[in-house]
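[1] 3D model of this:
(chains A and B)
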Amino acid sequence: MPEAPARLTEIRGEGEAAIEAAGSAAELEELRVRYLGRKAELTQMLRSIGELPPQQRGPVGKGANEVKRALEGLLDSRTSALAASELDERLRTDAIDVTLPGDPPAAPGHLHLITETRREIEDVFLGLGFSVAEGPEVEFDYYNFTALNHPPDHPARMLADTFYFTDEVLLRTHTSPMQVRAMEETEPPIYIIVPGKVYRRDSDATHTPMFHQVEGLAVDDDITLGDLQGVLLEFARAIFGAERDIRLRPHYFPFTEPSVEVDVSCFACNGTGTLDRGARCNLCKGSGWIEILGSGMVDPNVLGFVAHNGYDPERVQGFAFGMGIERIAMLRHGVPDLRLFFENDVRFLEQFGR
Amino acid sequence: MRVPLAWLRCLCDPGLSAEELGERLDLTGTEVERIERVGVGSADNFVIGKVMSAEKHPDADRLSVCRVDDGSGEPRTIVCGAPNVAAGQTVAVALPGAVMPDGTELGEAKLRGVRSSGMILAEDEVGIGGDHDGIMVLADELEAGAALTDALPIADEVLELEITPNRPDCLSVYGVAREVHAATGADLAQDPAATDAGATGGSPADSMVSVEIADPDICLRFTGRVFEGVGVRASPEWLKQRLTAAGQRPISNVVDITNYVMLCTGQPLHAFDLDYVRGGRIVVRGAKEGEQMVTLDGVERTLGADVALVCDADGPSGIAGVMGGQVSEVSGATSRVLMEAATWVGPNILRTSKALGLRTEASARFEKQLHPELALAAQRLAAKLMVDLCGARMAPGTIDVYPSPAKPRVVALRLDRIEQLLGARVPEKVVRRILEALGFEVQSAGDALLEVTVPTWRDADVQREADLIEEVARIHGLEKLPITLPARERAVGRLTPRQRLRRRSEDTLRDRGMHEVVGWSFTSPQALERLRIGDAPSLVLANPLSEDGSVMRSLLLPGLLDAAAHNRARGAGGVGLFESAHVYAPDGPLDAPEGSPGGLAPAAERHHLAALLTPVAPGGWRSQGRPADFYAAKGLVDALGATAGVELVAEPGSRPFLHPGRSAAVLAPDGGEIGWIGELHPLVAGAWDLEEAAAFELDFDALSEAAPGPAAYRDLTSLPAVLQDIAVVTPEEVSAATILALVREAGGELLISARVFDVYAGEQVGEGNRSLAIRLEFRAADRTLTDDEVAARRDAIESALGSIGGRLRG
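    Numbers count the residues shown, from 1 in each chain, chains lettered A, B, ... in the order given. Reported below is the predicted structural model:
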């Protein structure tokens, strides 16, 4: 029997060479049995250590264990390396056509442009301290006309062609009836906007029998026409851009006095009326201004209808305004035809309200 | 209102272009809709000519060859087709190079072999009137060669004004001139109606005709004047030009005078042929129900009881303030005219013209309530013209029935109040200047207090201090106002929980790929028939635009179906649509209380959320399509319930428009029904050309009411839950809801949720049975559950299932 330590070196050398040379997991398993199994020379050597003279037992035992650990480590690392490359080999055969299209995104839904615009308008006025109030669309003549200073047979009633159910019940022609409803319900001060559907008996290229408005009402001790101008300037800039200006033009509405129409400076031509190459701006028809809404100081007669709830026209005053949501949306988004809003064609709907 | 600028400039000329004047008027409250050019393109090459000779064309019967002096010293030859051309006439001539109203340029031409260098003009060729029967014959004192524009405004501009209903005074050229005066400071000419014609002796007017107002509720004042020896003929060109430019068709001098005075003063007139005023008697009264008469337009009209009539001894002679009658119409043979200028009660005229469907220039003015003073002003101007243009003699005296003369209106104006309302101070002298320019009389009535007398033509509009402040503000200039924000110390802007939930619910549907639509609030009775709910009570419009939109919708579904059908017809067959809007139902009779309804609404109006799905084909080569079945719709309802924090329950229940076996009622936690889910009945889907579709509709107001307030904290993290899956086999007719109810009850309070996650039917569970896989979650608030505790609950569930013929599998 050769000297044990020398034999150990040999075993190690042979084993390491064999393991390095092995090409499969099965071969490695074989080698594990051959070098580290129960009948392996190394195992035998460790088992029979007790038979050696005491002074050899230490060096041989230590050496044999060292060789065993080395071979075990090498076997493990070779085994996992081989397993990984075998896996890779298998995966390579499991190939797909990477040129086919990927999964489409979940089809996105859309809010209607009217809803999108209404919410934006609401948000501007929420920020300015207004609350949102809503009211019925089937309305009493009293709220739609009488209490808004349109007495029966008043010519202003001709302004709005009205849908009627009975002499006294109609489809509201504007969101203004909520002015009186809100003031009946809430004592001053009041700061509200009223979005909603309104109806006029009219149908052509620029009129639909149903459309949407946002009403505004602010009544307090000291609201002035200057305040109206400030609030609407903030609104115009929020919706149409920070560079916009507004101007007030005198007008007539039965429920405001003074009454004004409000124009915003044209955002297509920057208020100049002419485009880059000197052509007349089509959006504002060369005037530099676009009409966006009607407004004014709440008529004392309207306050008179709710004077019992704290709206004595000598003590409180305020402003009101009303705008068409579709008109604002058409201007902002360049929508050319009012009727598109109500066709509900998905090719229209998908362009807005993400 | 069309205001010819040439006419306006005779009354007030600020020296501005039409555009500049238009802008100034816009900014002071008179909206200019557009500026129109009328007449010829340019005044060049239009001159006065004298016809030196007119001889028959050698080769054409209807043509004359004229030698015309155009002032150049060299007579020119013009071939003229007018029957009335004759030597010695002073005429209007267009020379070659003249641009005609249609934009064509006149050239030289040979007519049947004779060279013609120019054209002798008829009215319609220069846009003055409609007459093409002959050339215009002008006054002899005009000089040959003078520019035609000196004699006739052949090139004019017209301001088309949008006059608001409070300003009948601006339905007159002089009224607009007054606005121009106030807005620009340019001088205002004297009111053309300020001076009168003289009477010429003879019988007094009231001996030839008597006037009685039998019904003072319809007439405030009736004035009449009588003209004799009236020569009815065509009006002079200047008058025709003004009328034509203002949009009126010249007819004859008498009729034109009534129209001209109306356009100038705002007061409509009516001329009667006095010989056809039967009995020489005028009675103003209301019509008898069903009374008939023929109006000037030749239409026989049947009148209602509140129509005001001007009658003679035999019956109606005109509809007051709207249109005269044929019986007393002025004709070429008329020689005695009764000129009426009356003041009618505006609301009555408005009602009458609405009832008859007849709105005229006259009624459009009367309905806005004219002041009785205006009637006499119009009589004065008309009298001058009747004498000048018709050679008429005016009978002495004015018939004037005026039961309650109006008093001048005086309104107090506090200078401080102007500042309070506008936010800026306007100096007293500016306030005075503005009001006086508009015709108000201003007197000082103490410290910073003015007493303002309202001119008669503004009486209906300016009655209060606020009205005066508006006058000051608009003329002073709104651009001078400060830009401020309200102090709003007590105003807080926020959405209500309901409004926020509405937004989130809409977002929930949007985020699930749904497109929001906006449908009409009205639908057709046929659509409701197709939905098989034609008998349900609904709100019906009295005056719909068409039958298609005559009924207020009581559910959103028909609009969604219309939208789906629209898109399908355009190639988008697979859609997911939703709407968030009001629906309407009758809520008892539509009675209105006297005065304020006190916040009540006339109808039952609810906010609904509804959606409609049609099958969507797969979007990619390996993705699934989206079916349009009951469960796809229910998934959306569940999502809305989750958004609201409300557990919605579906139980079998149908609607006439739904598949009876695949529809459900949706219940709120309190058991109240708040909507439905279902596949559409094939007959209903087919009626909209859809093959299959599923839908739901929820009462959003009810959902919002069921939504809980802020959530209270529950400890779900300190202690673990125990999850167990069970498979429950039952006869297939036992509903999932029944099984879950039983499981929950048997599971006791430790079972905090039980959820179906799979359904199986097949051999392994036996024919007629199915298996529901249910995930159970057990949890105790105060301890970790032991296996024994959970097993006991599971055993309880198993034995409970026996009562419905069920068992646990596996």
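
[2] was I right about A:Lys68 contacting A:Leu42?
    Yes: counting by Cβ atoms under 8 Å, A:Lys68 does reach A:Leu42; the two are 5.9 Å apart. C-beta: built from backbone N, CA, C; applies to glycine.

[3] Name the residues contacting each of the two.
    Shared contacts of A:Lys68 and A:Leu42, defined by Cβ atoms under 8 Å, 6 or more residues apart in numbering or on different chains, are found at A:Leu36.

[4] Pull the contacting residues for the closest residue to B:Ser799 other than its chain neighbours.
    Counting by Cβ to Cβ, 6 or more residues apart in numbering or on different chains, B:Ser799 lies nearest to B:Ala746, which is 7.6 Å off, once chain neighbours are set aside. Each residue near B:Ala746 by Cβ under 8 Å, 6+ apart is listed here: B:793, B:796-797, B:799-801.

[5] Phi first, then psi, for B:Ala746.
    With angles defined as degrees, to the nearest 10, B:Ala746 sits at phi -70, psi -30.

[6] Distance of it relative to chain A?
    Using Cβ to the nearest Cβ, to the nearest Å, B:Ala746 is found at 39 Å from chain A.

[7] what number of residues lie near A:Ile190?
    For A:Ile190, the count of nearby residues is 24 (other Cβ atoms under 10 Å in any protein chain shown).

[8] Touching, it and A:Ala218? I think so.
    Yes: using Cβ under 8 Å, A:Ile190 is in contact with A:Ala218, at 7.1 Å.

[9] And the strands in chain A?
    Listed from the start of the chain, chain A has strands (DSSP state E) covering A:131-132, A:138-140, A:169-171, A:190-199, A:210-220, A:246-253, A:256-265, A:289-298, A:317-324.

[10] Show me what counts as buried in the last one.
    Buried residues in strand A:317-324, defined by neighbour count with 16 or more other Cβ atoms under 10 Å in any protein chain shown: A:317-324.

[11] Kindly reformat the strands of chain A as CSV containing mean pLDDT and distance to B:Ile418.
    CSV is the format used below for those (pLDDT from 0 to 100; distance: least, Cβ to Cβ, whole Å):
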stretch, mean pLDDT, distance to B:Ile418
strand A:131-132, 96, 31
strand A:138-140, 96, 35
strand A:169-171, 95, 37
strand A:190-199, 97, 24
strand A:210-220, 97, 19
strand A:246-253, 94, 15
strand A:256-265, 94, 11
strand A:289-298, 95, 12
strand A:317-324, 97, 12
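
[12] Turn these into TSV, columns for distance to B:Leu719.
    What follows is those, written out as TSV (distance: least, Cβ to Cβ, whole Å):
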stretch	distance to B:Leu719
strand A:131-132	43
strand A:138-140	55
strand A:169-171	59
strand A:190-199	48
strand A:210-220	51
strand A:246-253	62
strand A:256-265	61
strand A:289-298	59
strand A:317-324	56
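
[13] closest one to B:Tyr402 among these?
    Among the strands of chain A, the nearest to B:Tyr402 by Cβ to Cβ is strand A:246-253 (29.3 Å).

[14] Touching the closest one from outside, list them.
    With Cβ under 8 Å, 6+ apart as the contact definition, strand A:246-253 has outside contacts at A:156, A:225, A:229, A:232-233, A:236, A:258-265, A:289, A:294, A:296, B:26-29, B:31, B:164-167, B:470, B:473-474, B:478-479, B:481.

[15] Would you check how far apart B:Val327 and B:Thr523 are?
    Note on B:Val327: its distance to B:Thr523, by Cβ to Cβ, to the nearest Å, is 49 Å.

[16] Next to chain A, which bits of the stretch 601-750 of chain B? Give me the list.
    Counting by Cβ under 8 Å from any Cβ of the partner chain, the stretch 601-750 of chain B comes close to chain A at B:601-603, B:605, B:616, B:619-623.

[17] mind listing the helices for the stretch 1-150 of chain A?
    Ranges of helices in the stretch 1-150 of chain A, per DSSP state H, counting those that start in this stretch, are A:4-21, A:25-36, A:41-47, A:54-93, A:113-127, A:141-144.

[18] Mind giving me the packing neighbours of the fourth one?
    The criterion is 3 or more Cβ pairs under 8 Å, 6 or more residues apart in numbering or on different chains; DSSP states H and E, and the helices and strands that helix A:54-93 contacts are helix A:4-21, helix A:25-36, helix A:41-47.

[19] swap in the fifth one?
    With contacts defined as 3+ Cβ pairs under 8 Å, 6+ apart, the packing partners of helix A:113-127 are strand A:131-132, strand A:190-199, strand A:210-220, helix A:225-240, helix A:325-333.

[20] and the angle for that helix with strand A:317-324?
    Using axes from the mean of the first three to the mean of the last three Cα atoms, to 10 degrees, one finds that helix A:113-127 and strand A:317-324 are set 160 degrees apart in direction.

[21] quick one on the thing from earlier: higher neighbour count, B:Val327 and B:Thr523?
    Legend: neighbour count by other Cβ under 10 Å for B:Val327 and B:Thr523, higher for B:Thr523 (25 against 19).

[22] From chain A, how far out is the more buried one?
    Taking Cβ to the nearest Cβ, one finds B:Thr523 at 12 Å from chain A.

[23] So what sits opposite that residue in the bridge?
    Assessed by DSSP bridges, B:Thr523 has beta-bridge partners B:Val551.

[24] re earlier: output the helices of the stretch 1-150 of chain A in a markdown table; the columns should cover mean pLDDT and mean neighbour count.
    Below are the helices of the stretch 1-150 of chain A laid out as a markdown table (pLDDT from 0 to 100; neighbours: other Cβ atoms under 10 Å in any protein chain shown):
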| stretch | mean pLDDT | mean neighbour count |
| --- | --- | --- |
| helix A:4-21 | 85 | 16 |
| helix A:25-36 | 88 | 16 |
| helix A:41-47 | 85 | 16 |
| helix A:54-93 | 88 | 13 |
| helix A:113-127 | 97 | 20 |
| helix A:141-144 | 94 | 24 |
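
[25] Which of those sits closest to B:Glu105?
    Taking Cβ to Cβ, helix A:113-127 is the member of the helices of the stretch 1-150 of chain A nearest to B:Glu105, at 49.6 Å.

[26] Just the C-alphas of the closest one, formatted as CSV.
    The C-alpha trace of helix A:113-127 is given here as CSV (Å, rounded to 0.1, in the frame of the first residue of the first chain):
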residue,chain,number,x,y,z
LEU,A,113,-66.4,66.0,-24.7
ILE,A,114,-69.3,67.8,-23.0
THR,A,115,-68.5,66.0,-19.7
GLU,A,116,-64.8,66.7,-20.0
THR,A,117,-65.5,70.4,-20.7
ARG,A,118,-68.1,70.6,-18.0
ARG,A,119,-65.7,69.2,-15.4
GLU,A,120,-63.0,71.6,-16.4
ILE,A,121,-65.3,74.6,-16.1
GLU,A,122,-66.5,73.3,-12.7
ASP,A,123,-63.0,72.9,-11.5
VAL,A,124,-62.1,76.5,-12.4
PHE,A,125,-65.0,77.8,-10.5
LEU,A,126,-64.5,75.4,-7.5
GLY,A,127,-61.1,77.0,-7.2
